[in-house]
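Asks: below is the sequence, then the predicted model.
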Amino acid sequence: MRRSAAVLCGATVVLAGSLTAVPANASAPQSLNSALTAAAAKVAWKKCGIDASPTMQCASVKVPLDYAKPAGKKITLALSRVPHTASKSQGPLLVNPGGPGGSGLSLASFVASSLPKEVAAQYDVIGFDPRGVGKSQPALDCKPGHFAPVRPDSVPSTPALEKANLDRAKAFAQACGRKYKDVLPYMDTVSAVKDMDSIRKALGAKKINYFGYSYGTYLGAVYAKMYPERVRRVVLDSIVDPTGVWYEDNIQQDYAFDKRHKALMAWIAKYDSTYKLGTDPKKIEAKWYAMRAALAKKPAGGKVGASELEDTFIPGGYYNGYWPTLAQAFSAYVNKKDTAPLVAAYDDLGAIDASGDNGYSVYTSVQCRDASWPRDWKQWRKDNWAVYEKAPFMTWNNAWYNAPCAFWPTKSLKPVNVANGKLPPVLLFQATDDAATPYQGGVTMHRLLKNSSLVVEQGGGNHGITLSGNACLDKHLAAYLTNGKVPHGDGVADAVCKKNPDPKPQPAAQKTPSTPQSAVAAVGDSLRGILRSGR
């Protein structure tokens, strides 16, 4: 529910058709290198480098809209690549930031520049915009401005508020049905996985390596289920519970985000000398809900009402690096009646731009198609009020975010059972206090993937934990991508890493990192800018 990161790849060049697959295994790296170089030369890669990744290239590939009709209508997928520089290549490493609806073009640059140089040099890091996303065509945008402020209060405390929110959800679903009637039946994870295999063919690779965050973990697990013989190495970070796709997963999020919001309140209590909001987390939380009630009556700056306040603070559940900004805005509103910091925080963290409209359109299209959702609103009402009584922070905001699925114009598919005993070692990463993909998801995926290894960040609450400044986690990632080795332990987790320290209040005038802690935060900020494109 956040603004997508800016798309960093410009022009793309269409690749029509597929190339002949070539071997991609570690036992013959030199022949692999030669074969991949020859195959990639046939792809119309074009320079689209940026300061962080001057060697980055872009291209595109046409794939069937409906794989049951391969000669039928084609759509276009946008690709990015940071080529390997080592004399021996380990093949393509496809990367995905999640969503569904997240653009992966800039993630290739981030991964290539964040991995140790000697590791990144061994891979062609491949980013892609999944079907419907970003630079891929057609790019979905069902109802531009759907999240324009000020929206109705998310908590349907009156029949009028419930009707207003329901009308918005219905209107969005209807708009998607009108604009993309011919596309929506093919917006789903299985189709996206088939697209990944088309990318594999276009790259001339017999096997792929894969690195996915968030929803990208489900995407990768489904690919591995459908094409186990085409998988070489797989990294899954911040793992979706594949047994809860998608209604139950969203309900579990509500409990986890409420807990994470309370963690923010406790953090603010530690720094009363800075924020002047008190030392009792429960009383601070009460002040937050009082602020919410006031904004429901009089939105800050004419655009931050109760729902927009939630939009602004939900990112704090994804990443504690936002806590100082959120605490300062909270403090200014409560203590000084100053709305400017809150409006600025909303503009930066909560507001939805055109890429966000695109991301949300793809998010709903995939989630509503992937699995069955209750079609009777009475079920939603019953379930969400029950959750709200225990976890009020995000429950109804999340419910309305997903509510178009109650009225979606296409029939639902069944989730994929990702249980798999045919894979090489798979490396999983999960934080114990992750709100967006609660810890149990990592445990469940570990159980279902027979040859997997689970690395846990103990006490960590951020979403997307590798390549974020935790040296312990990144050591395991680098070792696996180098030689395929994973840690093995006796318990649920095969390895445990300590979390990085929570942030400290940041001086308002400080714009650039000046300490080891702030340098780590800068790395984390870069990743969250890419991952902030869907729930």
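Replies: Yep, that arrived.
Asks: how close does the closest residue to residue 214 other than its chain neighbours get to residue 153?
Replies: The shortest distance from residue 214 to any non-neighbouring residue, by C-beta to C-beta, 6 or more residues apart in numbering, is to residue 98 (2.9 Å). Where C-beta positions appear, they are placed from N, C-alpha and C, glycine not excepted. According to C-beta to C-beta, to the nearest Å, residue 98 stands 28 Å off from residue 153.
Asks: ditto for residue 337
Replies: The gap separating residue 337 from residue 153 is 21 Å, by C-beta to C-beta.
Asks: just residue 314 next, same as before
Replies: Taking C-beta to C-beta, one finds residue 314 at 15 Å from residue 153.
Asks: distance of the residue nearest the centre of the chain relative to residue 267?
Replies: Here the mean C-alpha position of the chain is nearest to the C-alpha of residue 98 (C-alpha atoms, centre = their mean), at a distance of 3.4 Å. With distances taken as C-beta to C-beta, residue 98 is found 25 Å from residue 267.
Asks: phi first, then psi, for residue 528.
Replies: Backbone dihedrals for residue 528, given as degrees, to the nearest 10, come out at phi -70, psi -30.
Asks: on that earlier part again, residue 314 and residue 153: who's more crowded?
Replies: Under the neighbour definition other C-beta atoms under 10 Å, residue 314 and residue 153 were set side by side, and residue 314 has more, 25 against 22.
Asks: strands of the stretch 101-250 of the chain, start to end?
Replies: Ranges of strands in the stretch 101-250 of the chain, per DSSP state E, counting those that start in this stretch, are 124-129, 208-214, 231-239.
Asks: got a markdown table for the ones you listed, with mean neighbour count and distance to residue 157 too?
Replies: Rendered in a markdown table, the data for the strands of the stretch 101-250 of the chain read as follows (neighbours: other C-beta atoms under 10 Å; distance: least, C-beta to C-beta, whole Å):
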| stretch | mean neighbour count | distance to residue 157 |
| --- | --- | --- |
| strand 124-129 | 28 | 40 |
| strand 208-214 | 27 | 31 |
| strand 231-239 | 26 | 33 |
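Asks: need those strands in TSV (columns: mean pLDDT).
Replies: Shown next, in TSV, are those (pLDDT from 0 to 100):
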stretch	mean pLDDT
strand 124-129	98
strand 208-214	98
strand 231-239	98
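Asks: returning to what we had before: how close does the residue nearest to the centre of the chain sit to residue 204?
Replies: 27 Å.
Asks: go on, residue 470?
Replies: In this view, residue 470 and residue 204 are 35 Å apart by C-beta to C-beta.
Asks: pretty sure residue 506 contacts residue 322?
Replies: No. Assessed by C-beta atoms under 8 Å, residue 506 is found out of contact with residue 322, at 10.8 Å.
Asks: more crowded one of these two?
Replies: Comparing residue 506 with residue 322 by neighbour count (other C-beta under 10 Å), the higher total belongs to residue 322, at 25 against 18.
Asks: quick check: phi and psi at residue 492.
Replies: Per-residue torsions, residue 492: phi -60, psi -40 (degrees, to the nearest 10).
Asks: regarding the residue nearest to it when sequence neighbours are not counted, what is its secondary structure?
Replies: Distances taken as C-beta to C-beta, 6+ apart put residue 443 closest to residue 492, at 5.9 Å, once the chain neighbours are dropped. Three-state call for residue 443 (DSSP: H, G, I helix; E, B strand; the rest coil): helix.
Asks: list the contacts of residue 527.
Replies: If a contact means C-beta atoms under 8 Å, 6 or more residues apart in numbering, then residue 527 has 110, 114, 464, 467, 468 as its contacts.
Asks: run the last query once more with 7 Å
Replies: The contact partners of residue 527, by C-beta atoms under 7 Å, 6 or more residues apart in numbering, come to 110, 464, 467, 468.
Asks: residue 390: how many residues sit nearby?
Replies: Residue 390 has 10 neighbours, counted by other C-beta under 10 Å.
Asks: and the gap between it and residue 286?
Replies: Relative to residue 286, and taking C-beta to C-beta, residue 390 is found at 17 Å.
Asks: repeat for residue 182
Replies: Counting by C-beta to C-beta, the gap from residue 182 to residue 286 is 51 Å.
Asks: thought residue 503 was touching residue 320?
Replies: Yes. With contacts counted by C-beta atoms under 7 Å, residue 503 reaches residue 320, the gap being 5.9 Å.
Asks: out of the two, which sits in the busier spot?
Replies: The neighbour count for residue 503 versus residue 320, taken as other C-beta under 10 Å, is higher for residue 320 (24 against 20).
Asks: the more buried one reaches residue 501, doesn't it?
Replies: No. In this structure, residue 320 is not within contact of residue 501 by C-beta under 7 Å, at 9.7 Å.
Asks: how about residue 499: what's its closest non-neighbour residue?
Replies: For residue 499, ignoring the flanking residues on the chain, the nearest one in space by C-beta to C-beta, 6+ apart is residue 460 at 3.8 Å.
Asks: can you say which helix or strand has residue 78 in it?
Replies: strand 74-82 (DSSP states H and E).
Asks: mind listing residues that contact the following helix or strand past that strand?
Replies: Remark: after strand 74-82, the chain's next helix or strand is strand 92-96, criterion DSSP H and E. Here strand 92-96 makes contact (C-beta under 7 Å, 6+ apart) with 104, 107-108, 111, 123-128, 196, 199, 203, 205, 208-212, 216, 219.
Asks: ok, now with 8 Å
Replies: By C-beta under 8 Å, 6+ apart, the list of residues contacting strand 92-96 from outside reads 24, 36, 102, 104, 107-108, 111, 123-128, 130, 196, 199-200, 203, 205, 208-213, 215-216, 219-220, 481.
Asks: which stretches of the stretch 351-500 of the chain form strands?
Replies: In the stretch 351-500 of the chain, the segments counted as strands under DSSP E, counting those that start in this stretch are 426-431, 452-458, 495-498.
Asks: now the last one: buried residues?
Replies: Along strand 495-498, these residues count as buried under the neighbour rule (16 or more other C-beta atoms under 10 Å): 495, 496, 497.
Asks: just checking: what are the partner strands of it?
Replies: Strand 495-498 has the following sheet partners, assigned by DSSP bridges: strand 452-458 (parallel).
Asks: who's in contact with the partner strand?
Replies: So strand 452-458 is in contact with 423, 425-432, 439, 442-443, 445-446, 465, 470, 473, 476, 486-488, 492-499, going by C-beta under 8 Å, 6+ apart.
Asks: what mean pLDDT would you report for stretch 195-203?
Replies: Averaged across stretch 195-203, the pLDDT comes to 97.
Asks: low-confidence ranges in the stretch 1-150 of the chain?
Replies: When residues are selected by pLDDT under 70, those of the stretch 1-150 of the chain lie in 1-41.
Asks: now with 90?
Replies: 1-43, 49-54 (pLDDT under 90).
Asks: show me where the stretch 151-300 of the chain has its helices.
Replies: Using DSSP state H, counting those that start in this stretch, the helices of the stretch 151-300 of the chain run over residues 159-179, 189-203, 215-226, 247-270, 272-275, 281-297.
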